[in-house]
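S.K.: Turn this into a structure:
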Amino acid sequence: MIYSARMVERVRIEKVVDGGFGLGRDSSGVVLLPGALAGETVDADLAERRMGIRTGRVRDVVDASSDRRAPECPLFLDCGGCDFLHTAYEKELELKQAILAETFQRIGKLTPPFLSPVPSSSPEFYRDFVQLKINPDGRIGLFRKDSHEVVPFEGPAFGGCRLQKDRLNRAVAVLQGKLTGFQVVKFRMGDEGFVVNLTAEQPPEGRDELEPLIRSLGVTGFLINDRPVYGPTHVLYIYGEAQDRQIRIRVSHDAFFQPNPPVVQAIARRLEETLDRVLGPNRLMSNILDLYAGVGTFGLFLAHAVLGVFAVEVSESATSDMEWNIPENRIRNMVFHRGTAKSFLKRFRGKAGAVILDPPRAGLETAVRDDLIRLAPPLLFYISCHPATLARDLADLTSRGPWRIDSVQLFDQFGRTHHIESLSVLK
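M.R.: Here you go, the predicted structure:
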């Protein structure tokens, strides 16, 4: 990042906006500053204006908000991981709720009923899947904000990344400085299993020292450039407390799966409660379409409560996991289709009592929205990690389709970061 020759400017922060930025203004327009809170006055280094906006970094907080807290990590705002360590978790949820509502209004012109946010049971040290960067010296960390410079996870006051679980922090400490020649390390940990995958443009010669080091971490599987070196390349999650309702979910090393399992379970419980409340006994005569199904998590949870589940996913590794997960959980009324949501809906001529949507950040394609309107299921569940595309899609679905928004609820999947996960229910 190149900063202006004026060096330092004083900025008054008006509010916190999407991305976790504090929004203020200088003489020429909008300024966005990470780590700043509403009502604060800060001195900041600012970059040149781009597309009407200047970004920068806070050099000094002149007048601090009463909501400000001292961050418990010396790498805060440098490593590109956390965005809200400078305030209490309760305030973070309040800010995210406000950002979600503002985005609905600004992009979709929508003012739906918002339910209270569902907090994470562990807003820190929760991630069991991480993808970390490695610099030429073999140091592991994350990219500095707005750069490709690795900020290593180390230093006298550094006590481990506050986003990832302790076991992953211990693994980083063991491997720190010993992965020269690699560019990325991925850790995936389940209730059973721990897999490490190293990536290199050209893997270094010899693994005589590396493999024993990896084995010392207690991993069950190890890959280089997605190719197995030893052990299974998947982990297993076990959801549910009651033995007769436990669900076993296999997740391959490269399959998409949310990194905060307790929050996923909370979303699944809300889906089931809503199905029962809205459809009642009719749910037992209704099929569900689970689009963008991943490894089949939500369909596996809900199959017992409905007539049948059609799960649709384009990823080969995720559908391979789903092919294992369905019989493993003795589910006989769930089938999967490998392909895009767009191609499946174009062929589908049945009826559905509900559709679950959990698309990537880009949201729904226009053709998918068109076919959903044609299908017109009584219930739509839209799980989103990107408020802007969510607001766009819901504005289109409610203006052209038969639904109204029954509720929107934030489920804090990504504590201490700016990312916002939510569930919207359309009836």
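
S.K.: what's the helix or strand for Gly138?
M.R.: Applying DSSP states H and E as the criterion places Gly138 outside every helix and strand.

S.K.: give the contact list for it.
M.R.: Taking CB atoms under 8 Å, 6 or more residues apart in numbering, we find Gly138 in contact with Gln176, Gly177, Lys178, Leu179, Thr180, Gly181, Phe182. In this view, the C-beta of every residue, glycine as well, is placed from N, C-alpha and C.

S.K.: Against Gln131, how distant is the third one?
M.R.: The one in question is Lys178. Taking CB to CB, to the nearest Å as the measure, Lys178 falls 18 Å from Gln131.

S.K.: Over to the last one?
M.R.: Taking CB to CB as the measure, Phe182 and Gln131 are separated by 12 Å.

S.K.: Which one of those two is surrounded by more residues?
M.R.: Counted by other CB atoms under 10 Å, Phe182 and Gln131 do not tie: Phe182 has more neighbours, with 22 against 12.

S.K.: Wait, the more buried one touches Pro204, no?
M.R.: Yes. At 7.5 Å, Phe182 counts as touching Pro204 under the criterion of CB atoms under 8 Å.

S.K.: Tell me which helix or strand in this protein has the weakest average pLDDT.
M.R.: Lowest by mean pLDDT, DSSP states H and E among the helices and strands of the chain is strand 3-17, with a mean of 81.

S.K.: Sheet partners, orientation included, of the very next helix or strand once past that strand?
M.R.: Next along the chain after strand 3-17, taking DSSP H and E as the criterion, comes strand 21-26. Strand 21-26 has its sheet partners listed here by DSSP bridges as strand 3-17 (antiparallel), strand 29-34 (antiparallel).

S.K.: Keeping just the C-alphas, turn the last one into CSV.
M.R.: Just to be clear, that refers to strand 29-34. Output of strand 29-34 as CSV, limited to C-alpha atoms (Å, rounded to 0.1, in the frame of the first residue of the first chain):
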residue,chain,number,x,y,z
GLY,A,29,-14.7,12.4,0.1
VAL,A,30,-15.1,9.0,1.9
VAL,A,31,-12.3,7.5,3.9
LEU,A,32,-12.3,3.8,5.1
LEU,A,33,-10.1,2.8,8.0
PRO,A,34,-9.8,-0.7,9.5
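
S.K.: how about that strand: buried residues?
M.R.: The neighbour-count criterion (16 or more other CB atoms under 10 Å) identifies Val30, Val31, Leu32, Leu33, Pro34 as the buried residues of strand 29-34.

S.K.: Redo those as JSON lines? Include pLDDT.
M.R.: Shown next, in JSON lines, are the buried residues of strand 29-34 (pLDDT from 0 to 100):
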{"residue": "Val30", "pLDDT": "95"}
{"residue": "Val31", "pLDDT": "96"}
{"residue": "Leu32", "pLDDT": "96"}
{"residue": "Leu33", "pLDDT": "97"}
{"residue": "Pro34", "pLDDT": "96"}
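
S.K.: Enumerate every residue touching Phe336.
M.R.: Ala293, Gly296, Phe310, Ala311, Val312, Glu313, Thr319, Met322, Glu323, Ile326.

S.K.: ok, of those residues, which come out buried?
M.R.: Using 16+ other CB under 10 Å as the threshold, Ala293, Gly296, Phe310, Ala311, Val312, Glu313, Thr319, Met322, Ile326 are the buried ones among the contacts of Phe336.

S.K.: Good, wrapping up.
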